[in-house]
Structure formats: C-alpha cells, structure tokens
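**Q** 3D model of this:
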Amino acid sequence: MKYKILCSDIDGTLLTTKSEVSDFTISEITRIKKGTKITLVSARMPSSMHYIQEKLAINEQPIICYNGALVLDKDNQVISSTIIEITSLHKLHRLSEPFEIDLGLYFQDEWYVPRNSVRVEREIHHTHVTPIIRATTDTLADWSNRNIGAHKIMMMCTKESADAILPILEEKMGEILHFYRSNDTLIEVSPKSVSKLSAIASLLSPEETLKDVVAFGDNYNDMEMLMHVGCGVAVGNAREEVKAIADYVTLPHTENGVAYFIQQNL
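**A** Next comes the predicted model:
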C-alpha cells in the first residue's frame with residue numbers, strides 16, 4: 001500500500017501504554033516518514049501531543065487537537081480554531097450542577113478543573129500536563145472577559161450521572177455540540193461544526209485527496225475519519241462499532257497495532 005498521509009489517534013491507538021510510544025512504533029514511523037506525512041489527530045491539548053511528536057521526530061508536521069477544534073502548524077501557530085461559545089458553556093454548567101459533574105475546560109494550552117481528584121491526577125500522569133485548579137464559575141467569568149470559549153470540555157462523571165445526563169445533553173444541546181462517551185465516567189464535548197475528518201481535509205494540498213490518507217483509531221470519535229479516508233484501520237481494542245466500519249483491523253494498541261500494520265502494509 002502507498003499513502004501520502006498517515007493520520008493516527010493517540011490514546012488507545014498509537015500509544016502502547018497510556019503515555020508512552022514504543023520503540024517499534026518509533027522505528028516504523030521513522031522508516032516511512034520521508035515519503036509519508038505523519039499527522040497526530042487527537043482529543044488532547046497541544047502540549048500533551050508535542051512530546052509524542054518529539055519522540056517520533058515529526059515536529060515539522062501540523063497537529064490536530066481537540067477532535068479537530070484546533071489545528072496548529074509546525075511553529076505552533078493556529079491554522080484553524082473553533083470554540084464552544086461562552087453562552088453554551090454557561091448552559092452546560094447549569095445542566096451539570098444537579099448531577100455534581102466536574103467540568104474540565106480547555107482552551108488552546110489552558111486547562112482548568114474545579115478541584116483535584118483521582119481522575120485529574122490520572123490525566124496529569126498520562127498527558128504530562130498540569131491543570132489550573134479554580135472554580136468553574138471563575139473560569140467562565142475570566143473567559144467571558146477575554147471573549148474566548150472552550151475548544152473542548154471534559155465532563156467527569158460517575159457512570160450513573162453520565163447515563164442520566166447524556167440524553168439530556170443530546171436533547172438540549174445536540175444540535176451544536178458533539179458528545180463523545182470516552183468511557184463509562186467521561187463525556188467529551190466539542191463543537192459540532194468540526195471533526196477529526198474535517199480537520200484532516202483542511203490540511204490537504206490541492207494535489208491531495210482523502211483517498212491519499214491512511215488513518216488509525218479506536219473510539220466513536222474516530223469513526224467518521226476511518227469511514228471516509230482511503231484506508232481506515234481500527235486497532236484490535238477498538239469498540240466493536242469502530243471495527244465494523246473499518247477497512248482493516250490490526251492488533252491492539254498494547255501489541256503495537258499501528259506499527260504492526262505499517263510494517264506489514266506500508
């Protein structure tokens with residue numbers, strides 16, 4: 001197989017553990033990167049992606065952050081930015097309060113949480129980034145004054161509160177926001193007008209099309225990307241719905257699924 005561009009999700013896909021790139025993955029990316037553009041495509045914030053770029057030695061490539069809401073060039077300059085407006089943030093906060101759901105709020109390389117928790121500590125460990133702890137109302141007031149919004153919201157729930165609030169969110173805000181169930185206790189929120197696929201499309205040169213792209217993923221927010229690129233590959237640990245729509249299924253991420261597929265096919 002020959003593709004001009006390789007796009008990969010990070011967590012549960014490219015990384016062998018929660019935070020590390022394996023030597024096998026580094027060697028396979030190194031082998032193909034002279035003839036293939038390598039673009040990381042993630043729900044992560046920029047600073048939690050740069051260390052992976054450095055390990056793969058692909059700093060000269062753009063990165064797609066926050067499920068496509070923020071795209072940065074090789075100099076960390078903004079190519080495109082789509083935010084959740086402050087009015088929507090206030091509404092989401094009001095809907096979340098009765099369920100005692102904490103909101104992690106992200107804008108570019110800023111990350112705010114209302115309190116520390118096991119979940120926050122785990123995220124710090126996995127992403128190599130530390131948030132600012134302050135009340136959500138204070139963050140919203142600050143962002144209102146600065147006339148900015150969120151590139152992403154992480155709703156930190158219990159399984160019960162996530163089950164209860166998700167249909168409410170879809171009914172009341174589903175027309176303008178994407179709600180991704182990352183796992184039983186996490187709901188990621190991003191602007192509905194963008195996606196990983198739309199961000200990839202925005203980076204194509206006039207000589208390139210989506211058929212020139214091979215992409216890897218594991219979760220619901222990867223499905224559109226995998227369905228519409230030239231070759232969509234699900235890792236073996238992907239959700240069943242993702243594997244069902246993929247062109248190929250490779251090994252799980254813990255067994256270097258992305259690197260194995262590259263070795264065997266690219």
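**Q** Which residue, other than its chain neighbours, is closest to Ala135?
**A** Using C-beta to C-beta, 6 or more residues apart in numbering and skipping residues adjacent in sequence, the residue nearest Ala135 is Pro114, 5.7 Å away. The way it works is simple: take the backbone N, C-alpha and C, and place the C-beta from them, glycine included.
**Q** got a list of what that neighbour touches?
**A** Pro114 is in contact with Asp102, Leu103, Ile133, Arg134, Ala135, Thr136, counting by C-beta atoms under 8 Å, 6 or more residues apart in numbering.
**Q** Just give the closest residue to the residue positioned nearest the centre of the chain, not the sequence neighbours.
**A** Among the residues of the chain, the one closest to the centroid is Ala43, at 1.6 Å (C-alpha atoms, centre = their mean). Sequence neighbours aside, Asn67 is the residue nearest to Ala43 in space, at 4.9 Å (criterion: C-beta to C-beta, 6+ apart).
**Q** Show the model's pLDDT score for that neighbour.
**A** pLDDT recorded at Asn67 is 95.
**Q** what's near enough to touch it?
**A** So Asn67 contacts Ser42, Ala43, Lys152, His178, Tyr180, Glu188, Ser190, Val194, Ser195, Lys196, Asn221 (C-beta under 8 Å, 6+ apart).
**Q** again, but for Ile83
**A** Ala69, Phe107, Ile148, Gly149, Ala150, His151, Pro191.
**Q** hmm, 10 Å instead?
**A** Counting by C-beta atoms under 10 Å, 6 or more residues apart in numbering, Ile83 touches 66, 69-70, 89, 106-108, 143, 148-152, 190-191.
**Q** for those residues, which one is nearest His253?
**A** Of all the contacts of Ile83, His253 sits closest to Tyr66, with 20.7 Å by C-beta to C-beta.
**Q** surely the closest one meets Pro46?
**A** Yes: counting by C-beta atoms under 10 Å, Pro46 is a contact partner of Tyr66 at 8.8 Å.
**Q** who touches both of the two?
**A** Contacts common to Tyr66 and Pro46, judged by C-beta under 10 Å, 6+ apart, are Tyr106, Gln108, His151.
**Q** Could you tell me the per-residue confidence at the second one?
**A** It refers to Gln108. Confidence score, pLDDT, at Gln108: 97.
**Q** Next one: Gly174 from Lys34, what distance?
**A** Going from Gly174 to Lys34 by C-beta to C-beta, to the nearest Å gives 43 Å.
**Q** So which of the two has more stuff around it?
**A** Between Gly174 and Lys34, counted using other C-beta atoms under 10 Å, Gly174 has the larger neighbour count: 14 against 6.
**Q** low-confidence ranges in the stretch 1-150 of the chain?
**A** Along the stretch 1-150 of the chain, no part satisfies pLDDT under 70.
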